[in-house]
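Chemist: Based on what follows, work out the 3D shape:
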Amino acid sequence: MDSASGNRFGSAAPAYHRLRPTPPPAAVDWLTATTPIATAVEVGAGTGLFTAPLAQRVPTVFAVEPDAQMRVRLAAHCPGVTVLDGTAERIPLGDASVDAVFCHSAWHWVDPDSAFPEIARVLVAGGLLGVAWTMPDRRVGWRAKLDEIAGIHGRSGRGPGRFEVPPTAGFDQPAEFSQSWTSRMTTEDLVLSLATYDHVLGLSEMDRGAMLDDARTYLNGNPATSRGTIDVPFRTVCFRTHHH
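Modeler: Numbers count the residues shown, from 1 in each chain. Okay, the predicted model is just below:
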């Protein structure tokens, strides 16, 4: 996982936690439904937006997150979860110690060549790997335009929503599930949510402010988004595979 980007996310941890969406229950149910899971680890857990619903379904959850500021928010949000410093490539747990490993909205920061062997190490035989993203649904025209204004795009090659299992990784080919849904947000919260994305966090304060002003102007001038509150379209894409 990219530590420099992690530090940027940490600086925005309160806004990230308040403004980024929690995955819908059906997606979490699908990810956890294949086999009984007594112990799980989530890598790249952030502030716990996926961790909290995971902990409602799994008795013992370890949440691994490299950024200290994110871990503080995570621990406060998920008091029954063990929070650990680490990454998908460096999981601070023993061999064959968990039934499942999950990664929500973070796999595009992971080095698969290092992560797959490390995940296989901590999983029991037949253990589950679940990978998911909850992201803006850019199939909706105005949302695509808003992200274009913000300069938010998927990373080239292996961006959010793309998950591949190499033939040599020791995992089955993944099953896939997706759900489209909406969340009601105020125009201002939607604008501020743009500032929780890595590209925008990397801008200078002046450039970030100018971009957010452009986003406000666009939303307030668009008939579909000018009502003060907006049904914001999201899509959660999930993959699950088992170690063999």
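
Chemist: And the helices in the chain, which stretches?
Modeler: 3-11, 13-19, 25-32, 51-55, 68-77, 112-122, 141-150, 187-194, 198-201, 205-221 (DSSP state H).

Chemist: Where does pLDDT dip in the chain?
Modeler: Where the chain drops to pLDDT under 70, the residues are 1-10, 154-158.

Chemist: Asp172: which of the helices of the chain is closest?
Modeler: Distance to Asp172, taken as C-beta to C-beta, is lowest for helix 112-122 among the helices of the chain, at 12.1 Å. Every residue, glycine included, has its C-beta placed from N, CA and C.

Chemist: As CSV, could you dump the C-alpha coordinates of the closest one?
Modeler: The C-alpha trace of helix 112-122 is given here as CSV (Å, rounded to 0.1, in the frame of the first residue of the first chain):
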residue,chain,number,x,y,z
PRO,A,112,-0.9,-8.0,-5.6
ASP,A,113,2.5,-9.8,-6.1
SER,A,114,3.2,-9.3,-2.4
ALA,A,115,-0.3,-9.3,-1.0
PHE,A,116,-1.6,-12.6,-2.4
PRO,A,117,1.2,-14.7,-0.7
GLU,A,118,0.8,-12.8,2.6
ILE,A,119,-3.0,-13.2,2.5
ALA,A,120,-2.6,-16.9,1.7
ARG,A,121,-0.2,-17.2,4.7
VAL,A,122,-2.7,-15.9,7.3
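
Chemist: helices or strands up against it?
Modeler: On a contact count with 3 or more C-beta pairs under 8 Å, 6 or more residues apart in numbering; DSSP states H and E, helix 112-122 meets strand 39-43, strand 98-104.

Chemist: follow-up on the earlier one: which of the helices of the chain sits most buried?
Modeler: Of all those, helix 51-55 carries the top mean neighbour count, a mean of 22, counting by mean count of other C-beta atoms under 10 Å.

Chemist: who touches that helix?
Modeler: 22-23, 25, 28, 32, 40, 42, 45, 61, 63, 74, 77-78, 80-81, 102 (C-beta atoms under 8 Å, 6 or more residues apart in numbering).

Chemist: Tell me the one among the residues you listed nearest to Arg235.
Modeler: With C-beta to C-beta as the yardstick, the closest approach to Arg235 among the contacts of helix 51-55 comes from Pro23, at 10.4 Å.

Chemist: Near that closest one, how many other residues are there?
Modeler: Pro23 has 22 neighbouring residues, counting by other C-beta atoms under 10 Å.

Chemist: which residues touch it?
Modeler: So Pro23 contacts Leu49, Phe50, Pro53, His104, Ala132, Thr134, Thr236 (C-beta under 8 Å, 6+ apart).

Chemist: mind running it again at 10 Å?
Modeler: Listed by C-beta atoms under 10 Å, 6 or more residues apart in numbering, the contact set of Pro23 reads 31, 49-50, 53-54, 104-105, 132-134, 179, 181, 234, 236, 238.
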